[in-house]
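Novice: my questions are about this predicted structure, shown below with the sequence.
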Amino acid sequence: MKRTAGSVVAVLAGLGLLFWTAAPAAMARPAAQQEHQQQPAYTLAEYNAYQQAASEKNPQQRLKLLDDFVEKFPKSTLLPYVYALYVETYRQLNQQDKVIVYADKLIENANSLDPQSRPVTVLQALYAREVAFNMVFNEKAPDAAQQAERARDLARQGLQMVQELKKPANVSEEQFNQARQQMQALFDYTAGVASLFLKDYRNAQQFLRAALNDDPKNAVTWFRLGIAYLQDSPPQWMNGFWALARAIALKTEIEPQVRSYLRQEMLLYQKPACQNLLDDEMNQLLQAAAASQSAEAPADLKFPSADDLAKYLQDSNLFTIMQDLQAGGDKAHLAWLAACGNEFPDVPVKIIDITPTADGAVLRVYAGSTPEDIQKATTANMEVKVTEQPDAQRLHKDDIVRFTGTLVSYDPPPSFLLHWDKAKVNPEDIPPATGPRRRGSR
């Protein structure tokens, strides 16, 4: 997910809400009031050490100063502010595992922060932490489930805090809403990813959809949402396919990965014998997703399932399949998805023409629903490639034979023709090598 803590840091800084500028000001007030009111909760040495670290521009040198502070003042009330500086320093150094460690320390000690700066300080730490979680989360880690649960809990806390955040008077509504949307999208996304890992698919769907409301052009979120739908029990196939198609339509660097996953899931759903037919369906789906701005799958989005194809074959025979193919439209689509690539046994046909090949013959034949229809035929409606059966070369025009073959393609009307491959003619229907020729018959 292409979000960084730095982008929200910039937004909050522009709003005057950046914790490492708010914290020193909040701490300076009690120090300045020292003569007239009460002593601050920290010593001048602690305050000066903190200020030295906060003003250091070099991240590596700042880390050394922060380490020195923790060693010298292990019980200082300024530690939450020190943790905040650690978070930002490790974020600058791209050490995301340390960002998580110190963000957690800050969150756990948030009650020691100045009440005025506390909400924004914690919110900033939450945001930086959740960005870091998404960058370094290892699903194979022994404590991965605990990490995911913690990330989800903190994301929920972040969402609540965003809702409670007040708009500064000097900030436009548009700026403020933009900042809120960006934070909400990150927290919803993180909660969704964590829920997905924890196999809480319904909550994953809810969080990821919410993230897309604020960031609708994030391909990774669409991808994750598609996974959440497809891993659900039972799978929400059409919603899942649509979410993946929306991710592909955004044309980002993850497109090849999502395409591969979509095809794999569509194969699992449909199990067509001719897998190349899936490409046409995928293309239609992707064209629809690219032309639509809807987050919801169209109501009429429907692909035949493996069960649909099996039922169609169970309720059909070769001749009803041929009729449906010639009818065109949805009937032909369903018929061809079900029939293509399947082997049909003992198909009775009349040979219209025969062409010998090296290991068999190519037969142009006619198949009809009755013996009388077959006998009267003069034109072919099938082309049959007989392979690894040289004896088939002894067949002749007008022979009536039975063959078993695999249906591989068809020419649509008006020149309707079924194409068969890897066919074998019933040996009983082939004339003997010597002696009088015998016509095959059923």
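Specialist: That came through, no problem. Residues are numbered from 1 along each chain as shown.
Novice: going forward, measure contacts and count neighbours with C-alpha atoms only.
Specialist: OK.
Novice: by mean pLDDT, which helix or strand of this protein comes out lowest?
Specialist: Ranked by mean pLDDT, DSSP states H and E, the weakest helix or strand in the chain is helix 19-32, scoring a mean of 36.
Novice: strands paired with the longest strand anywhere in the chain, and their directions?
Specialist: Secondary structure of the chain per DSSP state E: the longest strand is strand 343-356. Strand 343-356 pairs in its sheet with strand 361-366 (antiparallel), strand 400-411 (antiparallel), by DSSP bridges.
Novice: residues contacting the shortest one, please?
Specialist: Spelled out, it's strand 361-366. 349-356, 374, 377-387, 390, 392-393 (Cα atoms under 8 Å, 6 or more residues apart in numbering).
Novice: with stretch 59-75 instead?
Specialist: 46, 49-50, 52-54, 56, 79, 82, 86, 89-90, 92-93.
Novice: among those, which are in helices?
Specialist: 46, 49-50, 52-54, 79, 82, 86, 89-90, 92 (DSSP state H).
Novice: tell me the one of these nearest residue 294?
Specialist: Among those, residue 92 lies closest to residue 294 (Cα to Cα), at 37.6 Å.
Novice: and that closest one, how many neighbours?
Specialist: Residues near residue 92, counting by other Cα atoms under 10 Å, number 15.
Novice: kindly present the contacts of stretch 59-75 as JSON lines, with separate columns for pLDDT and distance to residue 107.
Specialist: Output for these, formatted as JSON lines (pLDDT from 0 to 100; distance: Cα to Cα, whole Å):
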{"residue": "46", "pLDDT": "96", "distance to residue 107": "21"}
{"residue": "49", "pLDDT": "97", "distance to residue 107": "22"}
{"residue": "50", "pLDDT": "96", "distance to residue 107": "19"}
{"residue": "52", "pLDDT": "97", "distance to residue 107": "23"}
{"residue": "53", "pLDDT": "97", "distance to residue 107": "20"}
{"residue": "54", "pLDDT": "95", "distance to residue 107": "19"}
{"residue": "56", "pLDDT": "96", "distance to residue 107": "24"}
{"residue": "79", "pLDDT": "96", "distance to residue 107": "11"}
{"residue": "82", "pLDDT": "96", "distance to residue 107": "12"}
{"residue": "86", "pLDDT": "97", "distance to residue 107": "13"}
{"residue": "89", "pLDDT": "96", "distance to residue 107": "17"}
{"residue": "90", "pLDDT": "97", "distance to residue 107": "16"}
{"residue": "92", "pLDDT": "94", "distance to residue 107": "20"}
{"residue": "93", "pLDDT": "96", "distance to residue 107": "21"}
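Novice: is it possible to export the residues you listed to TSV including distance to residue 338?
Specialist: Below are these laid out as TSV (distance: Cα to Cα, whole Å):
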residue	distance to residue 338
46	77
49	76
50	73
52	74
53	71
54	69
56	70
79	68
82	66
86	62
89	60
90	58
92	57
93	57
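Novice: what's near enough to touch residue 136?
Specialist: 96-97.
Novice: check which residues of the longest strand of the chain are buried.
Specialist: Neighbour-count burial for strand 343-356 flags 344, 347-354, 356 (criterion: 16 or more other Cα atoms under 10 Å).
Novice: from those, which is closest to residue 275?
Specialist: Out of these, the member with the shortest distance to residue 275 (by Cα to Cα) is residue 344, at 18.3 Å.
Novice: most widely separated two among the buried residues of strand 343-356?
Specialist: Largest pairwise distance in those, by Cα to Cα, is 22.5 Å, between 344 and 356.
Novice: just give me the neighbour total for residue 72.
Specialist: 13.
Novice: against residue 111, how distant is it?
Specialist: 22 Å (Cα to Cα, to the nearest Å).
Novice: quick revisit: drop anything exposed from the contacts of stretch 59-75.
Specialist: For those, buried by 16+ other Cα under 10 Å: 46, 49-50, 53-54, 79, 82, 86, 89-90.
Novice: ok, of those residues, which one's closest to residue 246?
Specialist: Nearest to residue 246 out of the buried ones among the contacts of stretch 59-75 is residue 90 (Cα to Cα; 35.0 Å).
Novice: residues in contact with that closest one?
Specialist: So residue 90 contacts 59, 96, 98-99 (Cα under 8 Å, 6+ apart).
Novice: looking at these, which are in helices?
Specialist: 59, 96, 98-99.
Novice: if we can go back for a sec, CA atoms only for the longest strand of the chain - export them in CSV, please.
Specialist: The C-alpha trace of strand 343-356 is given here as CSV (Å, rounded to 0.1, in the frame of the first residue of the first chain):
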residue,chain,number,x,y,z
GLU,A,343,-14.4,-36.8,-24.7
PHE,A,344,-17.5,-38.2,-26.2
PRO,A,345,-17.7,-42.0,-26.8
ASP,A,346,-19.2,-44.0,-29.7
VAL,A,347,-20.5,-41.1,-31.8
PRO,A,348,-22.4,-42.5,-34.8
VAL,A,349,-21.7,-40.7,-38.1
LYS,A,350,-21.7,-41.0,-41.9
ILE,A,351,-18.4,-40.3,-43.7
ILE,A,352,-18.9,-37.6,-46.3
ASP,A,353,-15.2,-37.3,-47.1
ILE,A,354,-11.9,-38.9,-46.0
THR,A,355,-8.3,-37.6,-46.2
PRO,A,356,-5.5,-40.1,-45.2
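Novice: how far does that strand sit from the chain's center?
Specialist: 46 Å (Cα atoms, centre = their mean, to the nearest Å).
Novice: quick one on the thing from earlier: will you turn the strands paired with strand 343-356 into CSV that also has mean pLDDT?
Specialist: Shown next, in CSV, are the strands paired with strand 343-356 (pLDDT from 0 to 100):
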stretch, mean pLDDT
strand 361-366, 98
strand 400-411, 97
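Novice: out of the ones you listed, which one sits most buried?
Specialist: strand 361-366 (a mean of 24; mean count of other Cα atoms under 10 Å).
Novice: got the contact list for the next helix or strand after it?
Specialist: Going down the chain from strand 361-366, the next helix or strand is helix 371-376, by DSSP states H and E. By Cα under 8 Å, 6+ apart, the surrounding residues in contact with helix 371-376 are 349-350, 366-368.
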